[in-house]
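In: What would the 3D arrangement of this be:
(2 chains)
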Amino acid sequence: MDTSQLLKGVLDLAVLAVLDQQDGYGYEVVRALRTAGLDEVGDASVYGTLRRLYGAGLLTSYVVPSEEGPNRKYYAINEPGRERLRETTERWRRFATTMEGLVATR
Amino acid sequence: MTGETDMNDSTTRIADPTTGRDVTTAEYLGGLRAALHDLPAVELEEIVEDARTHLSDLAAELGEGYDRDAVHARLGTPVSYAAELRYAAGFPAPPAPPAPPAPGGSRSNRNAWIALLALAGATFLAAVAGAPGAGGAGGIVLLFLALVVAGAGVLAVQADGPRLPSVTAVDVVDRFRRGVASGTRDGLGSFLAGLQPAWWVLRGLAAAWLLASVFFTRSGVTGFVFLVIVSLVAVPVSVLLGSRTRADRRLLWLVVPLNAFAATVLIAAASDLVSGPGSTAGTQDFTPSGLMLDGTYISDIRPFDAEGNPLEGVYLFDQDGRPISAENYGDCTVGERAADGPGPYPRGEQTLDPQTGECVTTPPAPLVVTIPGDAPTTASATPETPAPDAPAPDAPAPEEQTTG
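Out: As a prediction, the model looks like this:
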């Protein structure tokens, strides 16, 4: 199983974490994730995740005119989004600890 | 939710001045749009705008290297981009594959449909050709036409090979084949399927019988011998055709119309045996009773003399002396009503009295008619008048001309 399979379950968390640091438009989020080391994340997956989180009311969005090219749609995390981020982070930590315990002996 | 302001004004702005880059972007967005066409329009527009910005960023990043291949390397094809986005965004999977999974794509699918329609049309024509009504030369022309249509149809899928994968990929055909397969697995269906070779023999005999009857008067011993000889050829040919068709499905375009033809010929022959030669029995099943004029029943007769005076108490008979009875049903379908018989005319209108439940005869309403020739010259104006007391000799339909 390559990393992209693992990534699917935690992409929400990753995207929320990126936006919690700073607002960003789609491609910025992609680059932030890649910079953080998630090279295998697909562009379309990030765009799709942003749309879904926005649709779920966890993000807000605003448009910033661009000098060159189309306007950029920025996403920002809102209070429900932060709440979700806290929950998911908690769950992720427990899960990561469990997994670490399982694989530690190898 | 804040933000989400209008961003349409941006869409007309073009990311890159270089034409080739715009083509790359437009092509990719077009593919994306097609792959997501089932999504709500607003959603789709937003996704496409996101992707436009995305491509614009990518173009800025890649510089001169921004082209189709580079975009596909980074983002995948529009189709895979759409699938990934669908999955991540939680959109439903596309409703159905855009094109049926025919190996050759939509083109071979279209050809398969052409071939199927041709087969259906040819089968219909062949069935009509074999039906008793077609008869003789008309039937042969129709059968020839059917085979031409079928031949043209099979040309569309000729290149497909003997198993015709493009045709079996058509949804309707697939379902039909499954239905036949499950229906003939056991029981009666299996038994009937086992009779197929018997049908091959039977249709061979039908062909022989037909050939014998067309090219030979089949009376007498020579006719019978001819029939036997033709059968000895036709039956093996039919059986061979049947087994070859199992291997090469393209032959169905020959076999199915011929089967339809043979079936209707056999049915016609069987009905001839039952009802005797004549074969027009079907058209004489229904003879309307009663007195009719141009398709409508005559409920009363209003006789007039040559001067246009209404006559009463007239009795009418046909050339054999049978009473001419205009059946006056009106509302009165029960109880007493004027007896059916040659008169006396006029009878008047019969209606049902709702209070007594009995039939009441209303005297005929006044009627003004035009007598043909409108002159009392009985002898010269009415040469065909057989009897002097027959009024209005060749008035075709007095009541239709003037009513009062």
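In: hey, let's count contacts and neighbours off CA atoms from now on
Out: Noted.
In: Chain A: strands as residue ranges?
Out: In chain A, the strands defined using DSSP state E lie at A:24-25, A:59-64, A:72-77.
In: quick one: pLDDT of the nearest residue to residue B:245 once chain neighbours are set aside?
Out: Setting aside the residues directly before and after it, residue B:245 is nearest to residue B:251 in space (CA to CA, 6 or more residues apart in numbering or on different chains), at 5.3 Å. Looking at residue B:251, its pLDDT is 85.
In: ok, now the one 5 residues further on?
Out: According to the prediction, residue B:256 has pLDDT 88.
In: Return the residues in contact with it.
Out: Under the criterion of CA atoms under 8 Å, 6 or more residues apart in numbering or on different chains, the contact list for residue B:256 reads B:119, B:123.
In: now it: how far from chain A?
Out: 52 Å (CA to the nearest CA, to the nearest Å).
In: just to revisit the earlier point, could you dump the strands of chain A to CSV with mean neighbour count, distance to residue B:35 and mean pLDDT?
Out: Output for the strands of chain A, formatted as CSV (neighbours: other CA atoms under 10 Å in any protein chain shown; distance: least, CA to CA, whole Å; pLDDT from 0 to 100):
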stretch, mean neighbour count, distance to residue B:35, mean pLDDT
strand A:24-25, 22, 23, 91
strand A:59-64, 20, 25, 92
strand A:72-77, 23, 23, 92
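In: mind putting the ones you listed in a markdown table, distance to residue B:84 included?
Out: Conversion of the strands of chain A to a markdown table gives the following (distance: least, CA to CA, whole Å):
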| stretch | distance to residue B:84 |
| --- | --- |
| strand A:24-25 | 18 |
| strand A:59-64 | 21 |
| strand A:72-77 | 20 |
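In: Just tell me which of these ends up closest to chain B.
Out: strand A:59-64 (3.7 Å; CA to the nearest CA).
In: got the angle for the closest one vs strand A:72-77?
Out: Angle, strand A:59-64 to strand A:72-77, by axes from the mean of the first three to the mean of the last three CA atoms, to 10 degrees: 150 degrees.
In: what helices or strands is strand A:59-64 leaning on?
Out: helix A:43-55, strand A:72-77 (3 or more CA pairs under 8 Å, 6 or more residues apart in numbering or on different chains; DSSP states H and E).
In: chain center to it, what's the gap?
Out: Centroid displacement of strand A:59-64 relative to its chain, using CA atoms, centre = their mean, to the nearest Å, is 16 Å.
In: Chain B contacts on chain A?
Out: A:26-27, A:42-52, A:57, A:59-63, A:68-73 (CA under 8 Å from any CA of the partner chain).
In: Derive a ChimeraX selection command for the buried subset of the residues you listed.
Out: Here is the ChimeraX command that selects the buried residues among the residues of chain A next to chain B (16 or more other CA atoms under 10 Å in any protein chain shown):
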select /A:26,27,42,43,44,45,46,47,48,49,50,51,52,59,60,61,62,63,69,70,71,72,73
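In: In contact with residue B:203, which residues?
Out: Residues near residue B:203 by CA under 8 Å, 6+ apart: B:235, B:238, B:259, B:262-263.
In: any idea how far chain A is from it?
Out: Distance of residue B:203 to chain A, given as CA to the nearest CA: 62 Å.
In: List the residues that contact the closest residue to residue B:131 other than its chain neighbours.
Out: Counting by CA to CA, 6+ apart, residue B:131 lies nearest to residue B:264, which is 5.3 Å off, once chain neighbours are set aside. Counting by CA under 8 Å, 6+ apart, residue B:264 touches B:127-128, B:130-132.
In: So for residue A:20, what's the pLDDT?
Out: 94.
In: count of neighbours near it?
Out: Residue A:20 has 16 neighbours, counted by other CA atoms under 10 Å in any protein chain shown.
In: do residue B:192 as well
Out: Neighbourhood size, residue B:192 [other CA under 10 Å]: 12.
In: and the one helix or strand it maps to, average pLDDT?
Out: According to DSSP states H and E, residue B:192 maps onto helix B:187-194. Average pLDDT, helix B:187-194: 81.
In: same check, this time on stretch B:227-237
Out: If you average the pLDDT over stretch B:227-237, you get 86.
In: And for stretch B:358-371?
Out: For stretch B:358-371, the per-residue pLDDT averages 77.
In: which parts of that stretch are buried?
Out: By neighbour count on 16+ other CA under 10 Å, the buried set for stretch B:358-371 is B:358-361, B:368-371.
In: what do you get for stretch A:28-46?
Out: A:28-30, A:32-33, A:38, A:41-46.
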